[in-house]
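1. need a structure here:
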Amino acid sequence: MKSGLNVDYINPFIEAVVNTFKTMCSVEAQRERIFLKGDGEERYGVTGIIGLGGEATGAVVLNFPEEVAIKSVSSFVGEGYDSINSDVVDGVGELTNIIAGDAKNRLLQKGYSFDIGLPKIVVGRNYVTAQSSSIACIVIQFSSDLGSFALEVSLKKN
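-> So this is what the prediction gives:
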């Protein structure tokens with residue numbers, strides 16, 4: 001049985017995505033839809049994953065279709081990439097890290113204490129990110145001029 005996710009944890013991550021894409025990629029990211037993740041709903045090409053610990057345990061997962069990852073990192077670093085390469089992979093990791101760090105600071109201001117791990121990156125074609133069967137996972141879909149992407153937040157209070 002999945003445990004519920006404290007809604008106080010979600011808004012700081014949404015705000016962190018919007019802020020990061022505005023300041024780092026010079027693009028407005030609009031929240032489109034929020035839903036509880038089911039099985040095998042979304043397929044991606046590049047994913048940044050950061051584990052969270054402290055008051056709650058879980059992960060933040062930043063999912064991009066391949067072309068959106070390329071455009072986002074190109075905008076982020078000011079270089080024109082046309083395919084997935086080590087710079088794009090590193091850029092997705094850095095964007096994930098910035099979002100997690102921003103959200104951590106926002107949560108700290110609300111009285112929550114979290115530690116963040118190092119980003120792990122997954123690259124492939126049409127894979128699905130799995131979730132723990134015991135932790136609820138919220139998917140927040142975003143749209144931007146660079147394309148659509150999603151953030152998954154799964155946290156279980158310790």
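2. Dihedrals phi and psi, the closest residue to residue 97 other than its chain neighbours?
-> Nearest-residue entry for residue 97: residue 119, 5.1 Å, with adjacent residues in sequence omitted and distances by Cβ to Cβ, 6 or more residues apart in numbering. Glycine gets a C-beta too; all of them are placed from N, C-alpha and C. When read as degrees, to the nearest 10, the backbone of residue 119 gives phi -70, psi 140.
3. Do you have the strands of the protein handy? List them.
-> According to DSSP state E, the chain carries its strands in the segments 30-36, 44-54, 56-64, 114-116, 120-127, 138-143, 149-157.
4. remind me which residues of this structure are low pLDDT?
-> The model of the chain has pLDDT under 70 over residues 1-6, 39-43, 128, 130-133.
5. looking at the sheet around the residue nearest to the spatial centre of it, what are its partners?
-> Among the residues of the chain, the one closest to the centroid is residue 62, at 2.6 Å (Cα atoms, centre = their mean). Residue 62 forms beta bridges with residue 48, residue 151, as assigned by DSSP bridges.
6. ok, it - contacts?
-> If you count contacts by Cβ atoms under 8 Å, 6 or more residues apart in numbering, residue 62 has them with 47-49, 92, 95-96, 99, 149-151.
7. Could you do residue 25 as well?
-> For residue 25, the contacting residues are 72, 75-76, 95, 144, 146, by Cβ under 8 Å, 6+ apart.
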